[in-house]
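Engineer: Got a sequence here, can you model it:
(2 chains)
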Amino acid sequence: MPIEVLMPALSPTMTEGKLAKWVKQEGDQVSAGDVLAEIETDKATMEVEAVDEGVLGKILVAEGTEGVPVNDVIALLLEEGEEASSLEGADERQAASVEGETEAAEDEGSSQKAEQARSTLAAPEGPKEAIPEPEPEWDGPTKKQTVREALRDAMAEELRRDERVFVMGEEVAEYEGAYKVTQGLLKEFGPKRIIDTPITEHGFTGLAAGASMYGLRPIVEFMTFNFSMQAMDQIINSSAKTLYMSGGQIENPIVFRGPNGAAARVAAQHSQCFASWFAHIPGLKVVSPWSAADAKGLLKSAIRDPNPVIFLENEILYGQSFEVPDTEDWLVPIGKAKVVRPGSDVTIVAFSIMVGKALEAAEKLAEEGIDAEVIDLRSLRPLDTATIVESVKKTNRVVSAEEGWSVAGIGSEIAAIMMEQAFDWLDAPVRRVTGADVPLPYAANLEKLALPQPDDIVEAARDVCYR
Amino acid sequence: MATKSGQERSRKRSDSSDPEAAKTSAPKRASSKQSKSSTRSKSPTARQGDLAKGVDKELLLKLYEEMLLIRRFEEKAGQMYGMGLIGGFCHLYIGQEAVVVGLQSCITDDDAVVTSYRDHGHMLATGMEANGVMAELTGRKGGYSKGKGGSMHMFSRKRKFFGGHGIVGAQVPIGTGIAFAMKYNEEPGICLTYLGDGAVNQGQVYESFNMASLWKLPVVYVIENNKYGMGTSIERSAAHSTELYNRGQAYGIPGVQVDGMDVLAVREAGLEAVDYVKGGKGPYIMEMLTYRYRGHSMSDPAKYRTREEVQKMRTEHDPIDRLRETLLEQKRAKEEELKEIDRRVKEIVGDAAEFAQNSPEPDPSELYTDVYVEAQAAE
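Structural biologist: Take a look at the predicted model:
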């Protein structure tokens, strides 16, 4: 049987084209890779190369023919030792084959459509977010620690536990951290595992992603998350997506951590909150704790997690003290929110530094007779929607509080989830308290106006309570 | 004229400023000068002929077969793309086969490979199976990424092939990181990190060069200079000079420029590079002068170069034809042996095409798998 040469497509959208020129003629010897013909569309010209070896037996579509459908037989190739007589009846066969082909194509087309329709119908539901069990109540001894110390201890404990864990970033070793979070680590673990990098975020983030693909467990410190924008491609395209793109072969156990959001008077380029940017990305986990106990337990969980975890800290919280369980086994699960103040009248949802402000607001509201429940989200992806929904069933009112901008923010996500999952329990529209929709100003008075304050939360809570 | 060629010769090799490295590589530099001057008068085929004399027959035939497999595989992929069986992007490696095949012959199972999106050849060279690669191109369950990655995203932990990356230059820090991990683990391996002449103007490439040299990481950066970054010629993208082997000079990374259309020249230079890097001296840069016969991707009208230019490369410098000629001229292989290889390769590719069309599409339930690793499973 002669080999059929088919009209190729230049792109998946091309359906027909012009057979511009035959480079080989009937009777010509053809080797694989030889150009047989040229075809044209309105976009481009392409050469049709032979894939098989033989003699060009018969040309079925003359050069200059327009509108040749993709996959039509345009020529027949005789294999080594094949007689020209096998070409007899080729024209008829071609006609038949074209017809058959078309039918087959139609069949295929319709069956493909049907298949598509089926697969649309049969599209699997997204996986039910497995809500982890909350950490057990700690009734053992505690010690008072700053968030900074808790983070340092978390890293030190995990560095001791697993040789594959290392810390890399700018000024993490000899300087002991721009914000002293890595204090003492170089002394205990040495320069092999506590690594000062050049100022090269894009480079060291990609390097860490590669090291993690090979099996190490890097902790990458960004001096502030503002600098992670330099490295965004490596975080998203390399770390977050590789497991999926590799069909599950290549894991990316890695933690990206550092202070996020506004500090104090450092202006627009050093004050952005990246919570919603990262929370948008499937493949990443995003954590943003408030208390020192959660900071420690969540960072340890993040380092042990086999996935890339974005760990958003807050510079102002570094110096704040909390009681922390006095043990090396303190783990807080990623994906579980925490009710930090129970209440019955309104649910205030917050994370990171805004939890403290929400608690302040709740005290003020209590004076007015409004009993607010405050939820510390702790994790932003996966988001513990069940805890929020349960709370709303009780309070029927939600205020979300975040330092970041309102547009497409975490609060927008909370509002959408409330619409979808708690609509029947809502007695008022969800209110978002957010940073002002401007680059953060430097001037003290303007900065204060731009950042959400406890009074803003109080006002929003009053609103949803119609008070 | 003599001065010019002398200058040129010394320019073709940029040495590390590390005094120790300079000491050890000094004789090699000299010998390379020798080989360059001795080849100046000879045709590329004649030079390959000299090199072939030092290589045993089995290896020569293996190199031939591996290059041919890539060539035939890519031609088949191009054909299947034309039939609508492969979608999206499909960047063919036709013309560049000598680079990956030559270099792969210099490394061992300890060593890793990472590249960007023109990657089918690299996969086949590392020993990944044609079936799995082709089935990934058709987006089927039997593909290396279960059909979820496509042409640009395949991986094989077993073959230490780490992709398959779609963002120009992004694979360079990743390869550097793999080398970092090997050094951290005190393993003997190195990472071959491939990039194109288009990638060399990305900032992260130099960020990687800096760290790799600073920390003496075991990485060979292989710049496949096929003269065009998509449709932009190297002349229109590189300032000052179109030579790329010396792009690591500021970081003290030695570099060498190699005829990437000659698999034996690639192997010779590759052995030297691998030896240097395995000796703990840090990174090394190889610039492979090569050429892709096909467009950047399937829908490339190729208006940026003349047909004559492509034709000249194909007829005068084809790496497969050249090795075939050498084998026959030196009577290292009989016509019949080469035909047998042709048949074998054709069968592998034919089987792969069939497998890729018959393998089912991924189950719809695969949509939501492999987004996260279950924490418990990994603990």
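
Engineer: Residue B:233 touches residue B:227, doesn't it?
Structural biologist: Yes: Residue B:233 is within contact range of residue B:227, at 6.1 Å (criterion: CB atoms under 8 Å). All C-beta spots, glycine's among them, are computed from the backbone N, C-alpha and C.

Engineer: Which one's more surrounded, these two?
Structural biologist: Between residue B:233 and residue B:227, counted using other CB atoms under 10 Å in any protein chain shown, residue B:227 has the larger neighbour count: 18 against 14.

Engineer: and stretch A:23-38, what's its mean pLDDT?
Structural biologist: The average pLDDT for stretch A:23-38 rounds to 88.

Engineer: Now do the end-to-end distance for stretch A:231-249.
Structural biologist: Using CA to CA, to the nearest Å, the end-to-end distance of stretch A:231-249 comes to 24 Å.

Engineer: Contact partners for the closest residue to residue A:406 other than its chain neighbours?
Structural biologist: The shortest distance from residue A:406 to any residue other than its chain neighbours is 4.0 Å, reached at residue A:434 (CB to CB, 6 or more residues apart in numbering or on different chains). With contact taken as CB atoms under 8 Å, 6 or more residues apart in numbering or on different chains, residue A:434 is in contact with A:401, A:402, A:403, A:404, A:405, A:406, A:409, A:411, A:452.

Engineer: Pull out the buried members of the residues you listed.
Structural biologist: Buried members of these, counted by 16 or more other CB atoms under 10 Å in any protein chain shown: A:401, A:402, A:403, A:404, A:405, A:406, A:409, A:411, A:452.

Engineer: Next up, identify which helix or strand the fourth one is on.
Structural biologist: Yep, that's residue A:404 we're talking about. In the assignment (DSSP states H and E), residue A:404 maps to no helix and no strand.

Engineer: give the contact list for the residue lying closest to it once chain neighbours are set aside.
Structural biologist: Distance criterion CB to CB, 6+ apart; nearest residue to residue A:404, sequence neighbours excluded, is residue A:273 at 3.4 Å. By CB under 8 Å, 6+ apart, the residues touching residue A:273 are A:260, A:261, A:262, A:312, A:402, A:403, A:404, A:405, A:435.

Engineer: residues making contact with the one helix or strand residue B:136 maps to?
Structural biologist: Take DSSP H and E as the rule and residue B:136 turns out to sit in helix B:130-137. For helix B:130-137, contacts defined as CB under 8 Å, 6+ apart pick out B:69, B:73, B:76-77, B:80, B:86, B:90, B:120, B:123-124, B:141-145, B:147, B:149-151, B:154, B:348-349, B:351-353, B:355-356, B:359.

Engineer: The helix or strand following that helix and chain A, any residue contact?
Structural biologist: Using DSSP H and E, the helix or strand that follows helix B:130-137 towards the C-terminus is strand B:161-164. Yes: using CB under 8 Å from any CB of the partner chain, strand B:161-164 comes into contact with chain A via B:162, B:163, B:164.

Engineer: Which residue is the nearest non-sequential neighbour of the first one?
Structural biologist: Yep, that's residue B:162 we're talking about. Take residue B:162 and drop its neighbours on the chain: the residue closest to it by CB to CB, 6+ apart is residue B:114, 4.4 Å away.

Engineer: Run through the bridge partners of that neighbour.
Structural biologist: When assigned by DSSP bridges, residue B:114 has beta-bridge partners residue B:193.

Engineer: Quick check, pLDDT for it.
Structural biologist: Looking at residue B:114, its pLDDT reads 98.

Engineer: mind listing what it touches?
Structural biologist: Neighbouring residues of residue B:114 by CB under 8 Å, 6+ apart: A:210, B:161-163, B:165, B:171, B:174-175, B:178, B:191-194.
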